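Q: What shape does this take:
(one chain, ligands or ions: 1)
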Amino acid sequence: MEKTFMMIKPDGVKRGLIGEIVKRLEVKGFTFSALKLSLISKEIAQKHYEEHLGKPFYKDLIEYITSGPVLLMVIQGHNAVLEARKMIGATNPNDAMPGTIRGDYAWEMSQNVVHGADSAQSALREINLYFERHELI
Ligand code: IDP
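A: Next up is the predicted model:
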């Protein structure tokens, strides 16, 4: 079993998509190691997205991700990182296939509903950034 990190971003929470997205993950067969509604601080957001520092969209990205509650998730399953990324779809919703979360629910790159770690290494880094050890079941 592999663990990965996912987040329902502020636009997803505001639009009432928590249930839809959690249901998709459950029906697929993922199990949950942790689920937490949270308001992310600027400091944590900057750590999460440090690879994008200096890019034209960086400031807006930090403002958006800290603009409202997010749902933080640690999910587990076989090849969880890859399988979750497949379910999420392409970063740009215009390129995301129907049937993927972004393909079905998002229109804009800057408001693309969900985040999923892109490698096992990122998953570990992001899980440690958002969760204490005792929060993981
Ligand atoms: P990912 O979320 O699919 O892993 P990343 O390249 O890590 O994609 O980008 C992180 C987030 O930054 C994206 O989900 C998206 O919200 C935002 N982003 C990435 N590139 C752009 C862009 O060119 N314009 C606006 N927002 C962007």
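Q: Pretty sure K3 sits against Q76.
A: Yes - checked against C-beta atoms under 8 Å, the pair K3 and Q76 is within contact range at 4.8 Å. C-betas here are computed from N, CA, C, even on glycine.
Q: residues near H115, how many?
A: As a burial measure, H115 scores 21 neighbours (other C-beta atoms under 10 Å).
Q: residue contacts, it?
A: If you count contacts by C-beta atoms under 8 Å, 6 or more residues apart in numbering, H115 has them with F5, M6, M7, K9, I88.
Q: what's the spacing between it and H134?
A: As for H115, its distance to H134 is 23 Å (criterion: C-beta to C-beta, to the nearest Å).
Q: one step back: spit out the residues that contact K3 and Q76 alike.
A: S33.
Q: Neighbour count for these two, which is higher?
A: A direct count of neighbours by other C-beta under 10 Å for K3 and Q76 places K3 higher, at 20 against 16.
Q: Confirm the more buried one sits in a strand?
A: Yes - the assignment for K3, made by DSSP: H, G, I helix; E, B strand; the rest coil, places it in a strand.
Q: Could you pull up the residues touching it?
A: Residues near K3 by C-beta under 8 Å, 6+ apart: S33, V74, I75, Q76, A80, A123, L124, I127.
Q: for A45, same thing?
A: I62, I65, T66.
Q: Can you tell me which of those is nearest S119?
A: Nearest to S119 among those is I65, at 19.7 Å by C-beta to C-beta.
Q: For G103, see how far away the spatially closest residue to the closest one that is not a sequence neighbour is.
A: Taking C-beta to C-beta, 6 or more residues apart in numbering as the measure, I65 lies nearest to A45, with 5.0 Å between them; neighbours along the chain are not counted. If you measure A45 against G103 using C-beta to C-beta, the figure is 25 Å.
Q: Then M97?
A: Between M97 and G103 the distance is 5 Å, computed by C-beta to C-beta.
Q: Look at those two and report which has more neighbours.
A: The residue with more neighbours, out of M97 and G103 and counting by other C-beta under 10 Å, is G103; that gives 16 against 11.
Q: which residue sits closest to that one, ignoring its sequence neighbours?
A: Ranked by C-beta to C-beta, 6+ apart and with sequence neighbours excluded, the top spatial neighbour of G103 is A96, at 3.7 Å.
Q: Sweet, I'm off.
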